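J.: Only the shape, not the letters, is given here:
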Ligand code: HPA
């Protein structure tokens, strides 16, 4: 089963599908938010609003482990996520989409692994599932709007936006977009041997890329405007994902532990 993790402004993506039930899952890390189980054509899907419905939780307070674990427990083996991001370059504009192929982790105080009881070192040479990325990109060619293939996602701790000096550094070390919620989610999915890819939706230019002050209203406005295209990209991608994936994600723990 595929799961969807909806980021900022994306709380009710089930509208086009056929809702079966809403369920809260208990995990060793606490309760998940209500997860919607719904049908899209003949596929069962699970939708989890990352911030809970209505944007209650700030990025550093999200229970990423409970979210990913709950989806795994429901039988999800692949996740498509969305993240609102700031763009580090003028050439990548608000309203455009980017499918990252790597990340830089500048988070500081989030539980970031399922394995505190033993040493498990998962490989993240390809942190995002190559097969899900490929599907998003080929599907993205047919939706209304630009979908950029690849780029480095920089994750900050938040909840404040960045300083100009931070943005300058992130650009110098190869960042393309900056957000607050992509980590540790992508790594936790890999630790549970699930495929994971994300659609970054550019909601603003990052601090000092434009001289404008960044406001959360502007972030929500852009997400609202692009929600229809984003939903289409997610749904059409899910329908295009090959049933037999040949990516290595489901074997991520092989070679990760000392024998
Ligand atoms: N910085 C960090 N997170 C964000 C931004 C930003 O500019 N825009 C949306 N999420």
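T.: Everything's here; your move. This one's a predicted model, so the numbers in the text were calculated from it and none came from an experiment. Residues are numbered from 1 along each chain as shown.

J.: which parts of the helix-or-strand element of the chain with minimal mean pLDDT are buried?
T.: The helix or strand with the lowest mean pLDDT-type score in the chain, counting by mean pLDDT, DSSP states H and E, is strand 18-23 (a mean of 87). Buried residues in strand 18-23, defined by neighbour count with 16 or more other C-beta atoms under 10 Å: none. C-beta here means a position set from N, CA and C on the backbone, and glycine is covered the same way.

J.: Residue 59 contacts residue 160, doesn't it?
T.: No: look at residue 59 against residue 160 with C-beta atoms under 8 Å: they stay out of range, at 10.5 Å.

J.: higher neighbour count, these two?
T.: residue 59 (23 against 9; other C-beta atoms under 10 Å).

J.: Contacts only, for the spatially closest residue to that one that is not a sequence neighbour.
T.: On the basis of C-beta to C-beta, 6 or more residues apart in numbering, the spatially nearest residue to residue 59 that is not a chain neighbour turns out to be residue 180, at 3.7 Å. Each residue near residue 180 by C-beta atoms under 8 Å, 6 or more residues apart in numbering is listed here: 59-60, 155-159.

J.: Phi, psi for residue 180 please.
T.: Main-chain dihedrals, residue 180, degrees, to the nearest 10: phi -120, psi 0.

J.: Get me the contact residues on the stretch 1-150 of the chain for the ligand.
T.: Those residues of the stretch 1-150 of the chain that sit near the ligand, judged by C-beta under 6 Å from any ligand atom, are 84-86.

J.: what's the burial count for the spatially closest residue to residue 112 that is not a sequence neighbour?
T.: In space, not counting the residues next to it along the chain, residue 112 is nearest to residue 184; the distance is 3.9 Å by C-beta to C-beta, 6+ apart. By other C-beta under 10 Å, the residues close to residue 184 number 21.

J.: going forward, begin numbering at 44 instead of 1
T.: Yes, from this point I'll number from 44; that puts the last item at residue 227.

J.: I figured residue 227 hits residue 152, correct?
T.: No: when contacts are counted by C-beta under 8 Å, residue 227 is not listed as touching residue 152 (11.3 Å).

J.: What lies in contact with the least confident helix or strand of the chain?
T.: 77-83, 87, 117.
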